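Undergrad: Return atomic coordinates for the entry below.
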Amino acid sequence: MLRAFLRRTLRRTALCISLCALLAYCQSPQPHFEAATVKIGGDEFMTRPERSPGRFRWTTELSYLVGYAYSVDFSHVSGATLRETYIINAAFEPNAKESEIRLMLQSLLAERFNLRLHRDIKEVDGYAISVGKGGSKMKESAATDQPAPGIRDRFVSAILSSAGTMITGRRATLAQLAETLGRNLESPMWDRTGLQGEYDFTFRYAQDVGADTQTDAPSLTTALRESLGLILQKQRGPVETLVIDHVEPPSEN
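TA: Numbering: from 1, shown residues only. Next comes the predicted model:
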């Protein structure tokens, strides 16, 4: 009898704790920009936002805004949409983290565009990067290596030219590298390295994924293997998609 009573008491206590935690989570405020304007138009279409401490500016389409806000590539955003280009100017606490800025953009989309959406998962063909047999050749970022004022401290950039694509990473994760390469190839790419650190790297590759071309730039497969000790393989895997259920033209500022 005593054991049964104790088990019931423990179950009720655990349920109470879970409900309290859920209630606290639901009541936690969603981050918001300190100030933000939304305007229709703009001639300078950008695929990535302009960022500086405390400032966010982007001239782009809704699918890019939604993809960035929810950390999903814009090509995986579907459903109801608006075709206009929008100019977003926003201010926030300069020390805000990347994840917080994305949540702020979620708040703006919900309030100004009355956006409602749901997530879905589908299996697609793509690529995966993993560590080669010889091990990683990547240089882990120094903890004391701080950027100059106004410079992003974590990023992966891609510069395209006739000589190939230059990839540069600063304090970057392998997930960021996979996301950037996948965007360049217009194909999903997954990080299967298991590496959790932050790295500095630079390499160049030709546009052809699998074969070395007549330019002096190697294929992406060769560049990853020789520069970073990583291998690139075709793979099928899950991709998260966002389906917009409802959206309206943005409200006045």
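
Undergrad: Please make it C-alpha for all contacts and neighbour counts, starting now.
TA: Fine.

Undergrad: Tell me which helix or strand the spatially closest residue to A80 that is not a sequence neighbour sits in.
TA: Leaving aside its chain neighbours, A80 sits nearest to I244 (5.3 Å; criterion: CA to CA, 6 or more residues apart in numbering). Using DSSP states H and E, I244 maps to strand 230-246.

Undergrad: quick one: strands adjacent to that strand?
TA: strand 77-79 (parallel), strand 116-131 (antiparallel) (DSSP bridges).

Undergrad: And the pLDDT for the closest residue to N89 other than its chain neighbours?
TA: Among residues not flanking N89 along the chain, R57 sits closest, at 4.6 Å (CA to CA, 6+ apart). On pLDDT, R57 comes in at 95.

Undergrad: I'd say R57 and A90 touch.
TA: Yes: using CA atoms under 8 Å, R57 makes contact with A90 at a distance of 6.4 Å.

Undergrad: Against M104, how distant is the spatially most central residue of the chain?
TA: Computing the C-alpha centroid of the chain and ranking residues by CA atoms, centre = their mean puts S71 first, at 4.0 Å. According to CA to CA, to the nearest Å, S71 and M104 sit 13 Å apart.

Undergrad: and what of S219?
TA: Noted for S219: a distance of 39 Å to M104, by CA to CA.

Undergrad: same thing with F155?
TA: F155 sits 20 Å away from M104, taking CA to CA as the criterion.

Undergrad: Any idea how far stretch 60-73 is from the middle of the chain?
TA: Remark: stretch 60-73 is offset 9 Å from the chain centroid, using CA atoms, centre = their mean, to the nearest Å.

Undergrad: ok, back up a step: now for the residue nearest to A80: which residues touch it?
TA: Each residue near I244 by CA atoms under 8 Å, 6 or more residues apart in numbering is listed here: 77-81, 115-118.

Undergrad: please redo it, this time with the cut-off set to 7 Å
TA: Contacts here follow CA atoms under 7 Å, 6 or more residues apart in numbering; on that basis I244 touches 78-80, 116-118.
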